[in-house]
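K.L.:
With the input below, show me the fold.
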Amino acid sequence: MTIKRPPSNESPGDQSSQTPSGKKVPMAMSMMVDSMVRMIQKGSNNLEDLDSKESLNSKNGD
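P.N.:
Below is the predicted model:
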């Protein structure tokens, strides 16, 4: 899922993004939060995979 942001002529320190609630936050903060959410989701998926593999191993007597 790619997030498309409109181009801006503002300097990087002055760029901001609007949250779903309508609050404006610095673009860097928005990008950092997006990145952290993706890492957490990826980690959760990996944890579920490990749990399913462990349950299969215990059923097979490994």
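K.L.:
residues making contact with the helix or strand of the chain with the lowest mean pLDDT?
P.N.:
Least confident element among the helices and strands of the chain, by mean pLDDT, DSSP states H and E: strand 16-18 (a mean of 73). Strand 16-18 is contacted from outside by 5, 24-27, 29-30, using C-beta atoms under 8 Å, 6 or more residues apart in numbering. Heads up, the C-betas are built off the backbone N, CA and C, glycines and all.
K.L.:
Just the buried ones from the residues you listed?
P.N.:
Buried members of the contacts of strand 16-18, counted by 16 or more other C-beta atoms under 10 Å: 27, 30.
K.L.:
okay, who's weakest in the contacts of strand 16-18 by pLDDT?
P.N.:
Least confident by pLDDT among the contacts of strand 16-18: that is residue 5, with 65.
K.L.:
before we move on, the earlier item: the next helix or strand after the least confident helix or strand of the chain: partners in the sheet, and parallel or antiparallel?
P.N.:
Next helix or strand after strand 16-18 toward the C-terminus (DSSP states H and E): strand 24-26. Paired with strand 24-26 in the same sheet, following DSSP bridges, are strand 16-18 (antiparallel).
K.L.:
Is it possible to get TSV of the contacts of strand 16-18 that adds distance to residue 36?
P.N.:
Listed next are the contacts of strand 16-18 as TSV, based on distance: C-beta to C-beta, whole Å:
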residue	distance to residue 36
5	17
24	19
25	14
26	15
27	15
29	11
30	11
